[in-house]
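# next one to model:
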Amino acid sequence: LGYADGIFRKCPKCKGSKAYTTAKKCQEHDVETKALRKVSFVDAPGHESLMATMLSGATIMDAALLLVAANEKCPQPQTREHLMALEIAQMKNVVVVQNKIDLVSEEEAIKNYQDIKKLLKGTSFENAPIIPISAQHKVNIDVLIEAIEENMPTPKRDLKKDPIMFVARSFDINKPGITPEELQGGVLGGVLVEGKLKTKTEVEIKPGLRIEKEGRTFYEPIITKIESLVTGGQQVDEVQPGGNIGVQTLLDPTLVKADKLVGSVLGSKGKLPEVYETLKLEVHLLERVVGVEDELNVEPVKMEEMLMLNVNSGATVGTVTELAKDAAVFRLKRPVCANVGSRVVMSRRISNRFRLIGYGVIKK
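Predicted structure coming up:
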């Protein structure tokens, strides 16, 4: 997943869509523009081999821009898969972006637009705005910002709740050759979905550290302290939900490097959800496999079958150990920290790729 932050602004003198910008100054009227809000972007890959990453990313988003290339046949298999993932994630606020209009004729752009409308028909996003743009030539970016402002309200958050952060990245920021005195603790990147985080406070990370002892493997929660917080490229003392955040800890960098803690959950000590080594899911299968050229029916889940399960910001493999009507129990390769009632995206290996086949709801 790629991350970027930006501030949407509005010129007090320009009329209509032209007023929306990211520039601090309006060139036409030579006036300062007014900051509307800071927005964080999570770039979820469209390439089929990175679909697991995209499905993990869908859980940490408040709204979505669905990008469709005007110079490609619509829909691409991965576009269908993205759309279905947004349905499963119960995403309500979606704007469709028809990019690369500079590479096609007006007739081709209109045909592509009609294909997009056909794709959206019957989905929760049937009436989503479709904005044609050329990112290369910065055409219609003002119209796109206006659509985002009008269709994607900032969610209301309960700041009194215990903090919960989904970890989407973890890394070592130390450069080779530094002295022990210069060494800095490991950094976790992700999204705070509830509550507030403050510097110098103690936090817990679950499932935690993988430990192999006497022939068995288990996970132990990690307790550490927040050394610093970064959001939008700036160090702050406190963060609230909304936007990508970086949490520098006192952890040994080797524990977090190369995304070792991706899929973990960070929060107040003793307040995090339970960790599951097995998951009981209420299973909801799609009629057809999403993301393949041919229309394949989704077959029922089978005993001992291995499926990829996306839980919060992470992915694990689950083996079916019990089956009942519309329910299944999975033994997990890697345990997960999650709430009862959370949605889990389910994918099956088809032609050497994991393909979206449905979702499950965590039961007690």
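# for Thr319, which residues are in contact?
304-306, 330-331, 333 (C-beta atoms under 8 Å, 6 or more residues apart in numbering). In short, each C-beta sits where N, CA and C put it, glycine included.
# rerun at 7 Å
304, 306, 330-331 (C-beta atoms under 7 Å, 6 or more residues apart in numbering).
# cool, Ala63 as well?
Counting by C-beta under 7 Å, 6+ apart, Ala63 touches 93-94, 152.
# among these, which ones are in helices?
Among the contacts of Ala63, DSSP state H puts none in helices.
# could the residues you listed go into a markdown table alongside neighbour count and pLDDT?
Shown next, in a markdown table, are those (neighbours: other C-beta atoms under 10 Å; pLDDT from 0 to 100):
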| residue | neighbour count | pLDDT |
| --- | --- | --- |
| Asn93 | 16 | 93 |
| Val94 | 21 | 95 |
| Met152 | 18 | 95 |
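# from those residues, pick the one nearest Lys117.
Nearest to Lys117 among the contacts of Ala63 is Val94, at 13.8 Å by C-beta to C-beta.
# quick check, that closest one in contact with Leu83.
No. Between Val94 and Leu83 there is no contact under C-beta atoms under 7 Å: 8.9 Å.
# can you check which residues contact both of these two?
In contact with both Val94 and Leu83: Leu66, using C-beta under 7 Å, 6+ apart.
# just for the stretch 251-364 of the chain, where's the confidence low?
Within the stretch 251-364 of the chain, the stretches with pLDDT under 70 are 291.
# can you give me the buried ones in stretch 244-264?
Using 16 or more other C-beta atoms under 10 Å as the test for burial, stretch 244-264 gives 244-249, 251, 253, 255-257, 260-264.
# should've said stretch 112-119
112-113, 115-116, 119.
# among the residues you listed, which one sits closest to Thr278?
For the buried residues of stretch 112-119, the nearest to Thr278 is Leu119 (37.5 Å; C-beta to C-beta).
# nearest residue to that closest one in space, please, no chain neighbours.
Take Leu119 and drop its neighbours on the chain: the residue closest to it by C-beta to C-beta, 6 or more residues apart in numbering is Pro75, 4.7 Å away.
# element containing that neighbour, please.
Using DSSP states H and E, Pro75 sits in no helix or strand.
# quick check: the gap between it and Asp162.
41 Å (C-beta to C-beta, to the nearest Å).
# taking the buried residues of stretch 112-119 one by one, which sit in strands?
Nothing among the buried residues of stretch 112-119 maps onto strands, per DSSP state E.
# burial of the residue nearest to Leu119, as a residue count?
Neighbours of Pro75 under the rule other C-beta atoms under 10 Å: 17.
# go on, the one 3 residues further on?
Counted with other C-beta under 10 Å, residues neighbouring Gln78 total 18.
# give me phi/psi at it?
With angles defined as degrees, to the nearest 10, Gln78 sits at phi -70, psi -20.
# try Pro253
Main-chain dihedrals, Pro253, degrees, to the nearest 10: phi -60, psi -30.
# again with Lys92
Main-chain dihedrals, Lys92, degrees, to the nearest 10: phi -100, psi -30.
# how near is it to Val345?
Distance check for Lys92 against Val345: by C-beta to C-beta, it reads 17 Å.
# who has more neighbours, the two?
More crowded of Lys92 and Val345, by other C-beta under 10 Å: Val345, with 26 against 15.
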